[in-house]
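Peer 1: Make a model of this:
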Amino acid sequence: MTRSRFRVTGRVQGVGFRSWTGRTARALGLAGWVRNLPDGSVELEARGPDGRMDALREALWQGPMFARVTGVEEHALNELSVDERPSDAPGTRDGQDAPLQDFHIRF
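Peer 2: Numbers count the residues shown, from 1 in each chain. Down below sits the predicted model:
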């Protein structure tokens, strides 16, 4: 099981990238979230079996039809320390490290 945070750069906002990422990740059976960042990039976190995460990595370079991906940065997250970090689950602080159970879009 792998858990990673990605930052995707290029023309990735206003082209359906978050919705496409959600559909792609759900089809792969991954859990996580995706959101736009103020700098024009897209950030996502995903967790799942290694082979399915490999498929997501490859797919992120393609993106939806009108996207132009110029970069995909990945940072592996330590699955064991997740419970020790802040969460934006209801009633929590910022949520970037909430337990992953489904794949959803953050606004």
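Peer 1: Next, please give the residue ranges for the helices of the protein.
Peer 2: Counting by DSSP state H, the chain has helices at residues 17-27, 50-62.
Peer 1: Please list the outside residues in contact with stretch 45-58.
Peer 2: 1-6, 24-25, 28-33, 72, 74, 77, 79, 96, 100, 103 (Cβ atoms under 8 Å, 6 or more residues apart in numbering). For every residue, glycine as well, the C-beta is placed using N, CA and C.
Peer 1: I meant to write stretch 65-78 there.
Peer 2: So stretch 65-78 is contacted by 2-12, 15-17, 20, 45, 57, 60-63, 97 (Cβ under 8 Å, 6+ apart).
Peer 1: Tell me, how many residues neighbour residue 5?
Peer 2: Applying other Cβ atoms under 10 Å, we find 17 residues neighbouring residue 5.
Peer 1: wait, I meant residue 59
Peer 2: The burial count assigned to residue 59 is 16, neighbours taken as other Cβ under 10 Å.
Peer 1: Let's see the pLDDT reported for it.
Peer 2: Among the per-residue scores, residue 59 holds a pLDDT of 98.
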